[in-house]
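1. Predicted model and sequence below, questions to follow.
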Amino acid sequence: MPDLNIPPQSARRALVIGGSLGGLFAGNLLQPEQAIRDLAMARMVDRRVLLLGDAAAIPRPHTAASTSKAASNALTLVRALERFPNDPDKALARWEAPQVALGRSLYDHGREIGDHLLFHRRPAHCAS
Ligand SMILES: Cc1cc2nc3c(=O)[nH]c(=O)nc-3n(C[C@H](O)[C@H](O)[C@H](O)COP(=O)(O)OP(=O)(O)OC[C@H]3O[C@@H](n4cnc5c(N)ncnc54)[C@H](O)[C@@H]3O)c2cc1C
């Protein structure tokens, strides 16, 4: 067995992951870290072009709400188009504002959770 000089941190990763994938982590050939980005668009509609799901807003993973947000975007879009079958522009206009607000509130919520978990900062509404 060759001496791979594996640092303890990498060895722990290899133990948890196991198998040939674990070997890649142990040799530091794969890094499990992933950059976390967030996003909230101020607009989701431009004429007949629209953004929804991750294309419109990405809250941080701590919210565990991205998939339900994407589903909400889609389901409410269907309802809006059914409500105004002869006026898609009106349907999109009515649909957009609440969905932008949903994306923005999850974006803010995810940042608050992240600040709390990583930096022990209290959310503004809890500050005393
Ligand atoms: C590692 C990881 C873990 C996650 N865990 C969670 C979780 O626990 N809970 C949670 O709520 N969310 C989680 N998410 C986020 C969740 O997966 C996304 O928020 C959700 O899938 C967004 O749905 P979407 O339809 O907007 O995009 P996607 O699910 O990404 O769908 C976009 C689709 O478009 C296709 N596509 C891309 N470009 C083109 C093209 N040019 N032409 C045709 N098709 C194209 C893609 O192949 C894909 O199928 C996680 C994401 C990642 C990466």
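-> Arrived safely, thanks for sending. Numbering: from 1, shown residues only.
2. contacting residues around the residue in the chain positioned nearest to the ligand?
-> With C-beta to the nearest ligand atom as the measure, the residue in the chain that lies nearest the ligand is residue 53; the distance is 2.0 Å. Yep, even glycine has a C-beta here, placed from its N, CA and C like the rest. When contacts are counted by C-beta atoms under 8 Å, 6 or more residues apart in numbering, residue 53 is found next to 69-70, 73-74.
3. Repeat the analysis, applying 10 Å as the threshold.
-> Under the criterion of C-beta atoms under 10 Å, 6 or more residues apart in numbering, the contact partners of residue 53 comprise 66-67, 69-74, 103.
4. next one: residue 88
-> By C-beta under 10 Å, 6+ apart, the contact list for residue 88 reads 48, 80-81, 95.
5. ok, 8 Å please
-> When contacts are counted by C-beta under 8 Å, 6+ apart, residue 88 touches 48, 81.
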